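In: quick one, fold the following:
(one chain, ligands or ions: 2)
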Amino acid sequence: MSEKQFRLYDSLSRKEKPLVTEEPGHLRFYTCGPTVYSYAHIGNFRSFLTADLIVRTARAIGWKVTWVSNITDVGHLTDDDIADATGEDKMEKALRSKEGEQFHNVWELAEYYEDAYKSDWRLLNLVEPDVRPKATQHVREQIVAAEDLIAKGFAYETPTGVYFSVDKFPEYGKLSGNTQESLRKGVRDVVMDENKKDQSDFAIWKKDDKHLMQWFSPYGWGFPGWHIECSVMARAYLGDTIDLHSGGEDNKFPHHECEIAQSESLTGKPFCNHWTHTAFLQVNGQKMSKSLGNFYYVRGLVENGADPLAIRFALIAGIYRKNLNFTDQGLDDAKTNIDRFKRADAAVTEALESGAAGEDAIGEELDSIYEQALDAMLGDLNTPIAISKALEGAKIITRDPLTKAAAESGQRFLDRVNDLLGIVRHPEAFAPCQEAAGPAVDEAWVNERIEARKAAKAAKDWGTADAIRKELSDTGIAVTDNPDGTTSWSVG
Ligand code: AMP
Ligand code: ZN
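Out: Ligands and ions are numbered 1, 2, ... in the order given. This next block holds a predicted model:
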């Protein structure tokens, strides 16, 4: 194992410091995943990409990484950005929307968007997490945690649910600065609920026998609060104290603040030693929003001709702690750079086959450039420098005709850069945007079936619409209903 230090800004101590693992050389890492009520957008993916780069960098210095990234399929409410959840469950709201009409129930909707998320994940060439647990698979543990918190005096039951008593956890606010005192002074909105002991208290369990996803608990029918899922899933897979936890900057409060309060009250131990938060992605200088028409999904950009690796490149091109502005120009520049790697890769492949014998004039230089790229990543994920080093190497590879020996060095460099940054090539299995090999597709038949399904949906004949979707998927055709009402399809 290398002696290199991995320095990363820690949002809890508010300084950059070495990432220290409890078990030497083994990073236990948890990342808050998406709520699967819609497609994950490129802003979400910016945060996931930060986590992906951390995993790649840790592995590059020989660490073992156990990476857990959850899927939220219940309990995230529309007004969760205030200290205590209120509003509707995002999943239920999505089912009632126009886009939700294609699904028979909320479970089917969750499954659909989960699949979409995983395929976008692969398109952007992210490393697969070791575990991708779902909130709905861990409801039992969430109920046990609620019981435990009540038994230990940290939580209490009301007519509407089970609430964490922020009073009992004086360190509340240590991550976000939103202490109970400041919440009482109105620094952030809190949900007013006369059943709560203090307005800053937050929900662990919501009683609701009308909710579409409900479980029976000691408090009757209901569903878990959003924060408890991450506390129990992190503990279930990574232990009482984890090394690193990441999410977008909006997760700091209330989500991560509440996770800390619950977990530390449950175990009496520190929950997490190092916290990473990614600054928000903006699009053409503005917040991404459907009404501004600047709301991008990975699949939409790809359907419009973007190279998935160029999207990845554009999303990691800036320092993760600063807002990143995603622009058409940025995407074009990313494509130009991705093509530089492709040319270097092609030159290496060709020279490995037919290059002349002779000296390796570039190996040492490439090794040193790779080390500089790695050092940049180890210095709080300095992607702009790491990428510029990677490009410098690609330029050297394409400078002069390569001998076979030089091509071997070139290949080693590109392999290592690809492992570190994921921008040289896709693993072949993850190339869904390239022309799919396989049996020829009868396009006229597919289009006819899609029209028939559209007509069935218009007549609200869900059975027929579903049967057609299955008929298509049985022949390897995946159908996607786009938010703008159109339907697209792909093979595989
Ligand atoms: P959600 O599906 O809302 O739970 O979000 C999934 C992840 O994406 C969370 O870690 C969010 O903090 C993060 N996120 C949401 N919007 C953005 C954005 N515009 N830029 C970066 N990260 C984001
Ligand atoms: Zn979470």
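In: look through the stretch 51-200 of the chain and state the residue closest to ligand 2.
Out: Taking CB to the ion as the measure, the stretch 51-200 of the chain has Asn70 as its residue closest to ligand 2, at 6.2 Å. Where you see a C-beta, it was placed from the backbone N, CA and C, and this is true even at glycine.
In: how many neighbours does that residue have?
Out: 24 (other CB atoms under 10 Å).
In: going forward, count from 20.
Out: All set: I'll call the first residue 20, so the last point we hit is now Asn89.
In: and Asn466, how many neighbours?
Out: What Asn466 shows, counting by other CB under 10 Å, is a neighbour count of 12.
In: ok, the nearest residue to Asp352 once chain neighbours are set aside - contacts?
Out: Distances taken as CB to CB, 6 or more residues apart in numbering put Ala333 closest to Asp352, at 7.7 Å, once the chain neighbours are dropped. Taking CB atoms under 8 Å, 6 or more residues apart in numbering, we find Ala333 in contact with Phe345, Gly349, Leu350, Asp352, Ala353.
In: of the residues you listed, closest to Arg418?
Out: Closest approach to Arg418 among these (CB to CB): Asp352, at 21.4 Å.
In: with respect to ligand 2, which of the contacts of Ala333 is nearest?
Out: Phe345 (23.9 Å).
In: quick revisit: can you list the contacts of Ala333 in TSV and add distance to Lys271?
Out: Below are the contacts of Ala333 laid out as TSV (distance: CB to CB, whole Å):
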residue	distance to Lys271
Phe345	22
Gly349	26
Leu350	29
Asp352	31
Ala353	29
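In: ok so, going back, so for the residue nearest to Asp352, what's the pLDDT?
Out: With respect to pLDDT, Ala333 scores 98.
In: which strand or helix spans it?
Out: Here Ala333 sits within helix 327-335, counting by DSSP states H and E.
In: now swap in Arg444 and tell me
Out: Assigned by DSSP H and E, Arg444 falls within no helix or strand.
In: wait, it touches Asn437, no?
Out: Yes - the pair Arg444 and Asn437 qualifies as a contact (CB atoms under 8 Å) at a distance of 6.0 Å.
In: which stretches of the stretch 20-169 of the chain form strands?
Out: Applying DSSP state E, counting those that start in this stretch to the stretch 20-169 of the chain gives strands spanning 26-29, 34-37, 45-50, 83-88.
In: most tightly surrounded among the ones you listed?
Out: The highest mean neighbour count among the strands of the stretch 20-169 of the chain, using mean count of other CB atoms under 10 Å, belongs to strand 45-50: a mean of 24.
In: which intervals of the chain have sub-threshold pLDDT?
Out: Scanning the chain for pLDDT under 70 picks out 20-21, 101-102, 104, 206-210, 309, 447-461, 493, 495, 502-504, 510-511.
In: which residues does the residue of the stretch 270-419 of the chain found nearest ligand 2 contact?
Out: Of all residues in the stretch 270-419 of the chain, His274 sits closest to ligand 2, at 5.5 Å by CB to the ion. His274 makes contact with Cys51, Asp99, Trp245, His246, Cys249, Gly266, according to CB under 8 Å, 6+ apart.
In: hmm, 10 Å instead?
Out: For His274, the contacting residues are Cys51, His95, Asp99, Asp100, Leu194, Ser195, Phe221, Trp245, His246, Cys249, Gly266, Gly267, by CB atoms under 10 Å, 6 or more residues apart in numbering.
In: in helices, which of the residues you listed fall?
Out: Among the contacts of His274, DSSP state H puts Trp245, His246, Cys249 in helices.
In: my guess is the last one contacts His275, does it?
Out: Spelled out, it's Cys249. Yes - here Cys249 reaches His275: they are 8.2 Å apart, a contact under CB atoms under 10 Å.
In: so what sits against both of these two?
Out: Cys51, His264, Gly266, Phe290.
In: show me the contacts for the nearest residue to the first one once chain neighbours are set aside.
Out: Think Cys51. Nearest residue to Cys51, sequence neighbours excluded (CB to CB, 6+ apart): Gly266, at 3.9 Å. By CB under 10 Å, 6+ apart, the residues touching Gly266 are 30, 49-52, 66-67, 69-70, 249, 274-275, 278, 294-297.
In: and the residues you listed near ligand 1, which?
Out: Cys51, Ser66, Thr297 (CB under 6 Å from any ligand atom).
In: as TSV, these with neighbour count and distance to Gly429 would be great.
Out: Below are the ones next to ligand 1 among the contacts of Gly266 laid out as TSV (neighbours: other CB atoms under 10 Å; distance: CB to CB, whole Å):
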residue	neighbour count	distance to Gly429
Cys51	24	38
Ser66	28	33
Thr297	25	33
